[in-house]
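show me the folded form of this:
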Amino acid sequence: MPDWVAGYHRLPYSLRVIAASGRGAYLNWWRYGAETDRLVEEAFQRESWGNDRWKNWQEERLALMLELAATRVPYYRRHWDKRRQKGDRASWKELENWPILRKEQIRVFPEAFVADEYKSPALFREQTSGTTGTPLKLWLNRKAIMTWYALFEARCRNWNGISRHDRWAMLGGQLVVPFEQKRPPFWVWNAASKQLYLSSYHLSSPNLSAYLQAIHEHQITYLLGYASSLFSLALASVDGNDIPQLKVIISNAEPLYEHQRKLIIDVFGCTVIDSYGLSEIVCGASECSGGNLHLWPEAGYWEVLQDDWDRPVDEGKPGRLVCTGLLNPAMPLIRYEVGDRVAIAPKSERCSCGRGLPILKSVDGRVDDVILTKDGRRIGRLDPVFKADLPIKEAQIIQESISRVRLRYVPTSDFVESDQKSIIQRLQQRLGDMKITLEVVETIPRSSNGKFRAVISNINKTIEL
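Residues are numbered from 1 along each chain as shown. As a prediction, the model looks like this:
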């Protein structure tokens with residue numbers, strides 16, 4: 001643990017508030033400014049564009065980003081120099097001539113991806129959440145950050161009648177209180193952002209009523225957080241807690257399953273929307289009133305590739321998401337494999353909301369967190385197995401071999417033996433001839449950043465036929 005984190009944790013709550021508010025003011029300077037309202041309005045205006053206009057808009061910016069990367073970014077410049085020395089005449093002006101960029105290549109020497117004219121001390125340093133492996137170091141310029149947050153303001157907040165000026169709460173992965181702390185407050189108030197930051201690490205049954213009370217006392221308008229944490233809050237209602245009145249709840253950073261959405265809506269009585277975003281700001285999406293996730297074409301140029309080949313999937317089919325960022329010239333990422341499997345709707349498909357933004361049909365989970373069957377199928381989202389009629393608080397599937405999965409689950413007091421049989425039957429209907437082991441647990445551990453992983457595959461670590 002860094003010294004400053006240990007020092008922060010030793011502070012009394014009142015001083016933690018001052019520290020968090022200072023950090024909030026710093027982040028606000030990077031995220032918002034005099035241009036924000038104009039950027040938000042421009043984002044609204046682009047929502048009515050058709051496919052052809054978006055295609056031209058993206059291609060113009062893609063050409064600029066490819067030229068910048070090939071000529072002024074050390075990593076890419078060396079790549080193209082080596083190709084030319086070998087007599088390769090492929091042009092960097094064509095995106096398909098670029099190799100797929102994977103996270104491991106960035107981890108080795110991240111500074112090599114920063115463009116010549118940008119000095120890292122003048123940039124904002126970001127770090128990915130590191131759900132698997134080592135987090136990535138990223139550098140972004142202020143304009144890129146402001147544009148990204150303007151898109152979020154327009155398409156996550158304003159679509160739902162809220163703004164950055166409202167009081168809000170976030171259930172996230174920052175250690176705002178020591179992990180070993182047993183009594184509230186399990187949060188900190190960030191006055192600069194009007195944000196109540198709630199720790200996702202301390203969500204347990206004895207603490208949930210305190211979380212709800214804090215939301216009441218801080219007069220929170222909307223809530224943003226991990227789907228699993230929001231679901232845990234909703235479960236607190238069974239104890240008769242006084243539920244705060246919210247305008248909207250925004251899920252991010254994890255897949256939002258339908259049984260989770262249903263319970264959260266039933267408990268809080270407000271709209272629940274999903275969102276998709278990456279620290280690398282190469283892809284983003286937000287859910288509209290029509291129930292569709294709309295991609296943000298301004299953020300990046302996307303490709304959906306086959307699982308085993310770097311070739312496009314058929315339109316509308318799921319595959320690996322590869323993005324070329326269009327916002328951040330300080331650290332261009334070209335054909336960057338983000339690690340998720342998605343499906344994007346055909347361009348002809350329109351949404352009932354009337355917006356011309358492309359539709360993200362599904363996010364099937366991480367590429368490395370799908371279940372591989374004996375017959376070669378890759379099974380992503382298995383949430384229908386755990387629909388609301390099962391007396392389970394949460395569950396996690398772990399693939400231990402090509403022929404065996406283990407299911408960890410946290411049962412409710414209504415769980416009976418027949419429910420075990422139902423779970424096994426539902427899994428076998430989807431996975432086929434596979435041995436299924438059930439494991440009852442009191443809680444399912446989160447990853448180092450507080451996120452919940454519904455599926456974990458160890459298939460690459462131990463292949464057993």
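
hey, let's count contacts and neighbours off CA atoms from now on
Fine.

packing partners for the one helix or strand residue 146 maps to?
If you go by DSSP states H and E, residue 146 is part of helix 142-152. The helices and strands touching helix 142-152, judged by 3 or more CA pairs under 8 Å, 6 or more residues apart in numbering; DSSP states H and E, are helix 13-31, helix 36-46.

between it and helix 36-46, how big is the angle?
Here helix 142-152 points in a direction 60 degrees away from that of helix 36-46 (axes from the mean of the first three to the mean of the last three CA atoms, to 10 degrees).

what's next to helix 142-152, contact-wise?
Helix 142-152 is contacted from outside by 30-33, 36-37, 39-40, 43, 123-124, 281, 296, 299, 327-329, using CA atoms under 8 Å, 6 or more residues apart in numbering.

drop anything exposed from those.
With burial judged by 16 or more other CA atoms under 10 Å, the buried subset of the contacts of helix 142-152 is 30-32, 36, 39-40, 43, 123, 281, 296, 299, 327-329.

distance to residue 102 added to these, as TSV?
Listed next are the buried ones among the contacts of helix 142-152 as TSV, based on distance: CA to CA, whole Å:
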residue	distance to residue 102
30	27
31	27
32	31
36	32
39	31
40	32
43	30
123	23
281	15
296	22
299	19
327	19
328	18
329	19
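
what about residue 78, how many residues close to it?
For residue 78, the neighbour count with other CA atoms under 10 Å is 14.

which pLDDT value belongs to it?
Here the pLDDT value assigned to residue 78 is 96.

spit out the contact partners of residue 317.
Residue 317 sits next to 343, 344 when contact means CA under 8 Å, 6+ apart.

so which strand or helix has it?
Counting by DSSP H and E, residue 317 is part of no helix or strand.

where along the stretch 151-300 of the chain do the helices fall?
Counting by DSSP state H, counting those that start in this stretch, the stretch 151-300 of the chain has these helices, from start to end: 208-217, 227-235, 258-268.

so which of these is the most packed in?
Burial of those is given as mean neighbour count (mean count of other CA atoms under 10 Å); helix 227-235 ranks first at a mean of 23.

and for that one, what's in contact with it?
Here helix 227-235 makes contact (CA under 8 Å, 6+ apart) with 171, 200, 203, 208, 211-212, 251-257, 260-261, 263-264, 267-268, 393, 451-452.

so where is the protein shaky, pLDDT-wise?
For the chain, the stretches with pLDDT under 70 are 1-4, 129-134, 237-241, 365-370, 375-384, 386-389, 446-451, 460-465.

walk me through the domains of it.
32-166+247-366, 370-457 (automatic domain parsing).

of all those, which one is nearest residue 20?
Residue 20 lies closest to domain 32-166+247-366 among these, at 17.2 Å (CA to CA).

how about residue 318, nearest residue that isn't a chain neighbour?
residue 343 (4.1 Å; CA to CA, 6 or more residues apart in numbering).

quick one: the one you found is in a strand?
Yes: using DSSP: H, G, I helix; E, B strand; the rest coil, the assignment for residue 343 is a strand.

give me the neighbour count for it.
21.

ok, now which ones touch it?
Residue 343 touches 304, 316, 317, 318, 319, 360, 361, 362, 363, 364, counting by CA under 8 Å, 6+ apart.

who's it bridged to?
Bridge pairing for residue 343 (DSSP bridges) gives the partners residue 362.

so residue 73 touches residue 113, yeah?
Yes: Residue 73 lies in contact with residue 113 (CA atoms under 8 Å); the separation is 5.8 Å.

overlap in contacts, those two.
With CA under 8 Å, 6+ apart as the test, residue 73 and residue 113 both reach residue 331.

touching stretch 418-434 from outside, list them.
Contacts for stretch 418-434 (CA under 8 Å, 6+ apart): 373, 379, 385, 386, 390, 391, 403, 404, 405, 436, 438.

just the buried residues of these.
373, 385, 386, 390, 391, 403, 404, 405, 436.

which one of the contacts of residue 343 sits closest to residue 190?
Out of those, the member with the shortest distance to residue 190 (by CA to CA) is residue 363, at 31.6 Å.

where's the residue nearest to residue 318 relative to residue 182, distance?
Distance from residue 343 to residue 182, counting by CA to CA, to the nearest Å: 42 Å.

cool, residue 223 as well?
23 Å.

which residues does the closest residue to residue 279 other than its chain neighbours contact?
Spatial nearest neighbour of residue 279, chain neighbours left out: residue 128 (5.6 Å); criterion: CA to CA, 6+ apart. Contact partners of residue 128, counting by CA under 8 Å, 6+ apart, are 135, 136, 137, 138, 279, 280.

isn't the fifth one up against residue 127?
It refers to residue 279. Yes: between residue 279 and residue 127 there is a contact under CA under 8 Å: 7.2 Å.

picking up where we left off before, could you dump the helices of the stretch 151-300 of the chain into a markdown table and include distance to residue 68?
Conversion of the helices of the stretch 151-300 of the chain to a markdown table gives the following (distance: least, CA to CA, whole Å):
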| stretch | distance to residue 68 |
| --- | --- |
| helix 208-217 | 46 |
| helix 227-235 | 38 |
| helix 258-268 | 42 |
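
of all these, which one is nearest residue 62?
helix 227-235 (33.3 Å).

and stretch 303-316, how far from the chain's centre?
21 Å (CA atoms, centre = their mean, to the nearest Å).

to clarify, my last question referred to stretch 267-275.
In terms of CA atoms, centre = their mean, the centre of stretch 267-275 is found 17 Å from the chain centre.

can you give me the end-to-end distance of it?
20 Å.

list the buried residues of the longest helix seen in the chain.
For the chain, the helix with the greatest residue count under DSSP state H is helix 51-72. Within helix 51-72, the residues scored as buried using 16+ other CA under 10 Å are 54, 58, 61, 62, 65, 66, 68, 69, 70, 71, 72.

doesn't residue 297 make contact with the second one?
Yes: at 7.2 Å, residue 58 and residue 297 qualify as touching, with contact defined as CA under 8 Å.

now tell me what touches stretch 348-357 from outside.
With CA under 8 Å, 6+ apart, stretch 348-357 has contacts from 47-51, 288-290, 292, 294-297, 359.
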